[in-house]
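> Sequence and predicted structure, then a few things I'm wondering about:
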Amino acid sequence: MTVEHVEALVLGAGMAGLTTAYRLTQRGLRPVVLEADTRVGGTVRGGTVGDHALDLGAESFALRRPEARALAEELGLAVQEPAGGGSSVWAPTGPDGVARALPIPADSILGIPAHPDAADALAAIGPDGAARAARDAHLGPGPGSDATDLASLVRVRMGQAVLDRLVRPVAGGIHAADPTALAVDSVAPGLRAAMAERGSLAGAVAALRERAPAGAVVATTAGGLFRMVHALREAVDAQGEVRTGRRVTDLRPVPTGGWEVRDAAGGVLRAPLVVLALPGPA
């Protein structure tokens, strides 16, 4: 059995894995990144439609935290904010049963409206949906406070219409995952604490919006967010190596120190440092 010895291993080449490997190179290490897929970037990916290179996954990042913008600028990428004009989502079935583009409420987080009776929210969820969402204000902070996933929280507090017509397309578009798989505290940090403070989910959204800086809430890298993936990979490959199509099947400690990793192709690697940058179930 041939064992390859490397300085550091990163399992997973999504944004977390690539960023971690990039930081390791800045510490003078030569990391090897193993990715099961044939491409890198995870939910951030690009492709060609006609003659245009476009984002086919996540296309922007939130500005309420500074890390993503700082990383883009560190990699030499220009950052662009939207020009304004509002946003919409496509609903196969609108409030009147007709497929159409529905406005995303201006005062919202991940599609959760701060004011369910506002005109832009009403246009998306209809009077019945707004009436159900309005019950949130009278439930008190308890119901839904123990919900760990976004879908459960929204369903308990505001009902199915808000979940299906706003949160599912908006949150799904941002995170490339269904709200049932999105942890509230990860995608909306501070939301549950604000709900306990304000007594309702709508109040919590309003509180977080009040604390957000004025202006755009999202931005992207010029030419597409996928360009950040390309820049990270180039930076890692300059000092380490990213290997795709390498599905890891086993990870175990080595008695003499460090870790041993095996992949489905029979490769065996050992390193003193292993970073898992994988989805929770994996």
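Looks like it arrived, so ask away.
> just checking, what packs against the longest helix along the chain?
Longest among the helix segments of the chain by residue count, using DSSP state H, is helix 119-134. Helix 119-134 sits against strand 100-103, helix 160-162, with contacts defined as 3 or more CB pairs under 8 Å, 6 or more residues apart in numbering; DSSP states H and E. (Each C-beta comes from the backbone N, C-alpha and C, glycine too.)
> right, so those: which one is the most enclosed?
Ranked by mean neighbour count, the helices and strands packed on helix 119-134 are led by helix 160-162 with a mean of 21 (mean count of other CB atoms under 10 Å).
> quick check: angle from the following helix or strand past it to helix 119-134?
Under the assignment DSSP states H and E, the closest C-terminal helix or strand after helix 160-162 is helix 168-175. Inter-element angle recorded for helix 168-175 and helix 119-134: 110 degrees (by axes from the mean of the first three to the mean of the last three CA atoms, to 10 degrees).
> can you list contacts of helix 168-175?
Contact partners of helix 168-175, identified using CB atoms under 8 Å, 6 or more residues apart in numbering, comprise 43, 58, 60, 89-91, 104, 108, 110-111, 150-151, 177-179, 182, 187.
> Can you name the next helix or strand after it?
helix 184-187.
> Return the set of buried residues in that next one.
Neighbour-count burial for helix 184-187, counted by 16 or more other CB atoms under 10 Å, picks out Val184, Val187.
> ok, now stretch 36-50?
Under the neighbour-count criterion of 16+ other CB under 10 Å, stretch 36-50 has Ala36, Val40, Gly41, Gly42, Val44, Arg45, Gly46 buried.
> so how far is the first residue of it from its last?
28 Å (CA to CA, to the nearest Å).
> Run me through the strand neighbours of the helix or strand of the chain with the lowest mean pLDDT, direction for each.
Of all helical and strand segments in the chain, the minimum by mean pLDDT, DSSP states H and E falls on strand 88-91, at a mean of 76. Sheet pairing here is set by DSSP bridges, and for strand 88-91 it gives strand 100-103 (antiparallel).
> Could you give the separation of the strand it pairs with from the chain centroid?
Centroid separation for strand 100-103 versus its chain: 23 Å, with CA atoms, centre = their mean, to the nearest Å.
> hmm, who's touching that strand?
Gly86, Ser87, Ser88, Val89, Trp90, Ala91, Gly94, Asp120, Ala123, Ala124, Arg165, Leu166.
> what's the average pLDDT for it?
In this model, strand 100-103 has a mean pLDDT of 80.
> Which strands or helices does whatever helix or strand comes next after it pack on?
For strand 100-103, the following helix or strand on the C-terminal side (DSSP H and E) is strand 108-109. Packing partners of strand 108-109 (3+ CB pairs under 8 Å, 6+ apart): helix 201-211.
> and the helix it packs on, what does it pack onto?
Counting contacts by 3+ CB pairs under 8 Å, 6+ apart, helix 201-211 packs against strand 108-109, strand 112-113, helix 150-158, helix 191-198.
> now for the longest one, which elements pack on it?
The reference is to helix 150-158. Other elements packing on helix 150-158 under the criterion 3+ CB pairs under 8 Å, 6+ apart are strand 112-113, helix 184-187, helix 191-198, helix 201-211.
> circling back to that earlier point, got CSV for the buried residues of stretch 36-50, with secondary structure and distance to Leu208 too?
Formatted as CSV, the buried residues of stretch 36-50 follow (DSSP: H, G, I helix; E, B strand; the rest coil; distance: CB to CB, whole Å):
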residue, secondary structure, distance to Leu208
Ala36, coil, 36
Val40, coil, 32
Gly41, strand, 28
Gly42, coil, 26
Val44, coil, 24
Arg45, coil, 29
Gly46, strand, 30
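> ok, the residues you listed vs Met228, which is closest?
Val44 (7.0 Å; CB to CB).
> Put together a markdown table for the helices and strands packed on helix 201-211, with mean pLDDT, distance to Arg69 and mean neighbour count on each row.
Rendered in a markdown table, the data for the helices and strands packed on helix 201-211 read as follows (pLDDT from 0 to 100; distance: least, CB to CB, whole Å; neighbours: other CB atoms under 10 Å):
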| stretch | mean pLDDT | distance to Arg69 | mean neighbour count |
| --- | --- | --- | --- |
| strand 108-109 | 92 | 19 | 26 |
| strand 112-113 | 96 | 24 | 30 |
| helix 150-158 | 97 | 24 | 23 |
| helix 191-198 | 94 | 22 | 18 |
